[in-house]
Each structure stands twice: as C-alpha cells, then as structure tokens.
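J.: Fold the following and give me the result.
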Amino acid sequence: MMVRVIVRRPAPSTGRSWSVRDDAAAGPHVPAPPLADPSALGPTGTATAPTPYWPGRVVPVGRSGSLHVRETPGPAGETAVYVHGLGGSSNNWTELAGALSARFRGLAVDLPGFGRTPPPSSGDYRPAAHAATVIAYLDDLQRQGTRPVHLLGNSLGGAVSLLVAAQRPDLVRTLTLVSPAMPDLRPLPSRLGGRRAALALLPLLGASARAEQAAATPAERLARTMALCHADPDRVGPRAFAMAAEEAEERAALAHAPEALHRSFLGLLGTWLAPSPRSLRAAAARVRAPTLVVWGEVDRLVGVYRAAHTAAALPAGRLLRLPGVGHVAQIERPQTVARAVLGLVDAAADGSWPAAGTPVRARGTVRGRLDAAARRVRDRLPRGVAGPEACGTVPV
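T.: Numbering: from 1, shown residues only. This next block holds a predicted model:
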C-alpha cells in the first residue's frame, strides 16, 4: 500500500533552463553535454511494470573485504560501475543500468554496511574509507582483465566516486556524478524530512521526535525518504513502491543498519568541514577523466546552486540540469540520464570531450570535421527532457 507524505515542494531555481549556459545567476558557465539518440538505449521498465532488481552476489574485495554486487548483463568490452547514495543500495540503479545495458555490462555495488554488504570490520564509514573499498574492487576487476570503467555515483556515492577518480585515474575511463554530495551546509529542516525530523537530532529536546521515528514502519520511513529525494513521489507506481518497501523491511532487520547510516552521514559531514587541501572541491580539481555532472532543479538535499560550481571545479566537467527532477535523477529520468551518459562516452571516445590535459581532436583533419559535424547534430537534440519515464526504483 502506498503511504502518502505531503511535502512543500520548493520552486526550481530556474524554471526554463536545462543547463547553466544562459543562466548567469546560477554560477560559472559550463559546457553542455551531448545526448545520444534514444534508439541507443536498452530496455527500461514503466511505473506499472518496473524492471525487477538485477541478481547479485557477494564478491571478495582486496585481502579481507567483500561487497554485494548486482550485475546487469551487457556486451563484453565496456563496464559501468554504479555507487549509490546515503541510505540507498545497488537497486537504485536498476532502470539506468537497464537503459545502458545495450552498451555496457553493469556492476552496482552495495557500499559496506548498506544493502546486502556486511559492515566494515574497521567500523570506518567515512567517504575516504568507502572510496578505498571501491578502489580495491576496481583493482580486482582490472586484474581480472576489465579495462578502466565508466564510474557513476549518486549523492554520497558521487562524493565517493569523485574521490576514486581523483586518487586512481588509471581505473576510471569516464565519470558521471548525479547530484553528488558536495558541501551544502544550509540549515533547512526540509532537507531532513521536516521540523520533526530535524528536532530528532537534538540530544534532549528531540526524545519524543526520535520515539515517533522509531515507531514508524519501514514503509512509512521509505515514503518520507521518497518525499525528500523525488521531485514528485506520486510518479512512483505501487509495484515499484512495494519492491522498495520489501527491501526496507529487510534492511530494518539488520542490527548494523542504523549505525551505517548515522556514521556515513557524519563522515560525509566531516568532508564538508574539511580544510581546502582535503576538501571535495580540491579532489574535484584532480579528476582527469571526462566528467558529466547531472543535477535536478528540485533537489531538496544538495541544492542545485552547487551544480555549476561543481562542474566548473572538474577540469573536464560538463553539466546537465534537469527541470522537474529531484535528488535521484537516475531513478526519476533514467532514459534522459542514460542518453547523457552515452553522449559522454561517445564524445570521450571520438576526442571531442577529452580527459583533462588532452587536446580536443583537431577539426582540420577529416576525422576532426566528421566529429565536429556529429557534435553539431547532437547539439540540436533536445536537452534536459523531463517527459514521462519509468520510476522503477526508489532509494531506501
């Protein structure tokens, strides 16, 4: 049964623009990304018939760790690795992985302490620790013959993926960041689920609010999370909600789940307060891979005002802003995000979107003229499309 939660939705920061190219108030101007043709996409579900979660298994990582990984079958040769956000799981990538399955094999990880991955033996939930685990996993893949991957991260997973790409450029071919958890210290109760949720954080005064939270069912907590993460949670169909509610019930039975969520949040907050040399912005400046930044205009958790500055901090960054979309664009608009990811991969391959420090392919050559013509065609395609798409999964 769908649990309704009514929230006051903030107005988008720009009601007319899919990117910041013509929006000076939004921050620095950042190049626009190309979008691939919709015919290049693999299958996705619908609100009434969402894609079933991809099968997963626990794999050893490094010398003593492990990760639960869900695999989306795809052509051999190119691999996409997906990293979820705070409180999420590998299931948050189900529809996007399906849309990209015509081009890539997909591997969606559950970070330590989330989904079906056990908690880390070290008890360290900082983004740097999560990044070290992902690096160990990518190292293992490379030893098994996998080439540098297309790395995608959302929210906390975006911050983790950014750290991975900054530390190990040899492991990452392209980088996609969906509403990455860049510093946003605005004290807005709505970002925490409303005034009652914000009150629950207070040590003494929040006792009753915490008791109220504890009494809520997993489905009720899931509905509140959806109200924060989705621009329009009513677009999620009952079947998709039921699938996510079943996962929420499973997670609620895990003794380590509250600690993993709480300590990962505190670890993320620590990166927001870190001095400049150790900040996420400093890490962004070290990323060499061609990087796509995707941000929903109605993101209630990490404000879209951070979007242009984040993309500008990346030496090879470009930005796609989506009207009518919240914090989880890969769930809300999987087809649009997939087109942008394929546009990134194709442009990185033809040299029109080079890695940092690599010159753009010369236009004077025959190949250069063909690439320029292809870019002009792509640039005429509609950008930031926010039409009806599948909402097959929701974050938990």
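
J.: check which helix or strand covers A307.
T.: helix 307-313 (DSSP states H and E).

J.: Also D139?
T.: helix 127-143.

J.: that older thread, list the contacts of the helix holding A307.
T.: Contacting residues not belonging to helix 307-313 are listed as 20, 26-30, 177, 180, 182, 281, 284-285, 291, 293, 295, 317-319, 321 [CB atoms under 8 Å, 6 or more residues apart in numbering]. Every C-beta, even on glycine, is put in place using the N, C-alpha and C of the backbone.

J.: just checking, what packs against the helix or strand just after it?
T.: Downstream of helix 307-313, the next assigned helix or strand under DSSP H and E is strand 317-322. Applying 3 or more CB pairs under 8 Å, 6 or more residues apart in numbering; DSSP states H and E, one finds that strand 317-322 makes contact with strand 291-296, helix 307-313, helix 334-350.

J.: Just name the most buried of the ones you listed.
T.: strand 291-296 (a mean of 29; mean count of other CB atoms under 10 Å).

J.: where exactly do the strands run in the protein?
T.: For the chain, applying DSSP state E gives strands covering 56-61, 65-72, 79-83, 105-110, 149-154, 172-178, 291-296, 317-322.

J.: Same list, those, but as a markdown table with distance to F265 please.
T.: Shown next, in a markdown table, are the strands of the chain (distance: least, CB to CB, whole Å):
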| stretch | distance to F265 |
| --- | --- |
| strand 56-61 | 23 |
| strand 65-72 | 20 |
| strand 79-83 | 16 |
| strand 105-110 | 17 |
| strand 149-154 | 15 |
| strand 172-178 | 19 |
| strand 291-296 | 21 |
| strand 317-322 | 25 |
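
J.: In TSV, list those along with distance to R333 and mean pLDDT.
T.: Listed next are those as TSV, based on distance: least, CB to CB, whole Å; pLDDT from 0 to 100:
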stretch	distance to R333	mean pLDDT
strand 56-61	24	97
strand 65-72	18	97
strand 79-83	16	98
strand 105-110	18	98
strand 149-154	13	98
strand 172-178	10	98
strand 291-296	8	98
strand 317-322	6	97
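
J.: T44 is nearest to which of the ones you listed?
T.: strand 65-72 (11.5 Å; CB to CB).

J.: Now do the closest one: everything it contacts.
T.: Residues contacting strand 65-72 (CB under 8 Å, 6+ apart): 53-61, 90-91, 93, 97-98, 100-101, 105-112, 115-118, 120-121, 133, 136-137.

J.: ok, the closest residue to L342 other than its chain neighbours - contacts?
T.: Nearest non-adjacent residue to L342, counting by CB to CB, 6 or more residues apart in numbering: A36, 3.6 Å away. A36 makes contacts with A338, R339, A340, L342, G343, D346, R378, as judged by CB under 8 Å, 6+ apart.

J.: The residue found closest to D140 once you drop the neighbours it is linked to in the chain and L41: what is the separation?
T.: The spatial neighbour of D140 that comes closest, neighbours along the chain excluded (CB to CB, 6+ apart), is V61 at 6.2 Å. Look at V61 and L41: by CB to CB, to the nearest Å, they are 30 Å apart.

J.: So for those two, which residue has more residues nearby?
T.: Shown here are V61 and L41; by other CB atoms under 10 Å, V61 has more neighbours (22 against 19).

J.: For the more buried one, which residues are in contact?
T.: If you count contacts by CB under 8 Å, 6+ apart, then V61 has L67, T133, A136, Y137, D140 around it.

J.: what bits of the stretch 151-300 of the chain have low per-residue confidence?
T.: Applying pLDDT under 70 to the stretch 151-300 of the chain flags residues 187-214.

J.: Apply 50 and report the result again.
T.: 197-201 (pLDDT under 50).

J.: In it, mark out all the helices, start to finish.
T.: Secondary structure of the stretch 151-300 of the chain (DSSP state H, counting those that start in this stretch): helices at 156-167, 195-199, 207-215, 218-229, 238-252, 257-272, 280-285.

J.: and those, which is most packed in?
T.: helix 156-167 (a mean of 27).

J.: and the angle for that one with helix 127-143?
T.: Between the axes of helix 156-167 and helix 127-143, defined by axes from the mean of the first three to the mean of the last three CA atoms, to 10 degrees, the angle is 60 degrees.

J.: which residues make contact with helix 156-167 from outside it?
T.: The contact list for helix 156-167 (CB under 8 Å, 6+ apart) reads 82-86, 88, 111, 127-128, 130-131, 134-135, 138, 151-153, 171-172, 175, 177-182, 264, 268, 271, 280, 283-284, 286-289, 291.

J.: any idea how far G85 is from P55?
T.: Separation of G85 from P55 (CB to CB): 22 Å.

J.: and the residue most central in space within the chain, what does it touch?
T.: Centroid-nearest residue in the chain, with CA atoms, centre = their mean: N154, separated by 1.6 Å. By CB under 8 Å, 6+ apart, the contact list for N154 reads V83, H84, G85, G88, N92, L177, V178, S179, P180, H327, V328, Q330.

J.: what residues are up against the last one?
T.: So the one you mean is Q330. Going by CB under 8 Å, 6+ apart, Q330 touches N92, W93, E95, L96, L152, N154, V178, V294, V337.

J.: go on, the third one?
T.: Neighbouring residues of G85 by CB under 8 Å, 6+ apart: N92, G153, N154, S155, L156, G157, G158, A181, H327, V328, P395.

J.: can you do 6 Å?
T.: N154, S155, L156, G157 (CB atoms under 6 Å, 6 or more residues apart in numbering).

J.: Max pairwise distance over those: which two?
T.: Using CB to CB, these span at most 7.9 Å, a distance reached by N154 and L156.
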